[in-house]
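Enquirer: Here is the input, now give the coordinates:
(one chain, ligands or ions: 1)
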Amino acid sequence: MTRIHFLTSNEGKVSEAALHLEPLGYQVVQLHVDGIVEPQSDDLETVARAKIDQAKAHLPTEDAWILVEDAGLFVTSLDGFPGVYSAYALQTIGCAGILRLLSHLHSEDLKVESGLRAAEFRAVACLHTPHGTMVGHGTCPGRIAANVDGEGGFGFDPVFIPRDLDLAGQPVEAGQQGEVSTHGRTFAAVDSATKAAFSHRIRALTDLLSQVPSNL
Ligand code: IMP
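Expert: Residues are numbered from 1 along each chain as shown. This is a model prediction of the structure:
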């Protein structure tokens, strides 16, 4: 099994990645490095690459594979806020704060069709190997719930409802019903296998793995 050192302090991310990568033959272990500085940038890939560059000085072994994954919640009617500032927004205003920022919307506007609560999670996964650095991208379109819902997950999961998927696993048009659905429940209200079917993180990892040469 190829071991992947996942540089993150977020155990929720590690378990989601392990759930996906271990059946594919990768062992995922969490890597803590003190003093990693997150650059000020409005681009997730720039942030992820900067973390990889800093982590290179702390490789557990010379040929270690290091994974960094940066994600954020982008709310359309807030011009993409909190986006790259999602971690800070979670610590400060939290899920309740995101709901408050949208509370001026009238009940008519709460309808999915209005699109005013549209949001998406985006993730960028960056893998450093002795053979090069690869980058994968993933998005999960959806909307912000009217209320906090669910006890599971982490971060903004309790306020995010993913858009339904078709049988091929692709998001359907906004407001349409798909074969795969959380039935209006948030990521925090469904189990981790269900979240994985929609997840930006899993999509970024899948994109990343498609770039790993098969002879490695
Ligand atoms: P990070 O910088 O990639 O750790 O992510 C920034 C913030 O985005 C985190 O603090 C989480 O609050 C939020 N976030 C990232 N991915 C998810 C997710 O899958 N569910 C809920 N919140 C997430």
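Enquirer: Could you tell me the per-residue confidence at the one residue in the chain that gets nearest to the ligand?
Expert: Closest approach between the chain and the ligand, counting by C-beta to the nearest ligand atom: Gly155, at 2.4 Å. To be clear about C-beta, it is placed using only N, CA and C from the backbone, and glycine gets the same treatment. Gly155 carries a pLDDT value of 96.
Enquirer: Quick one: name the residues of this structure near the ligand.
Expert: Applying C-beta under 6 Å from any ligand atom, we find that the chain lies next to the ligand at 10, 70-73, 86-87, 90, 121, 153-157, 187, 201.
Enquirer: picking that back up, compute the distance between the nearest residue to the residue of the chain closest to the ligand once chain neighbours are set aside and Phe156, please.
Expert: With sequence-adjacent residues excluded and distances taken as C-beta to C-beta, 6 or more residues apart in numbering, Gly155 is closest to Leu90, at 5.7 Å. Per C-beta to C-beta, to the nearest Å, Leu90 is found 7 Å from Phe156.
Enquirer: For this structure, just list every one of the helices.
Expert: If DSSP state H is used as the criterion, the helices of the chain fall at 11-21, 44-55, 86-92, 94-101, 192-198, 200-209.
Enquirer: In the third one, which residues are buried?
Expert: Read it as helix 86-92. 86, 89-90 (16 or more other C-beta atoms under 10 Å).
Enquirer: next one: the last one
Expert: Burial within helix 200-209, assessed by neighbour count using 16+ other C-beta under 10 Å, is assigned to 200-205, 207-209.
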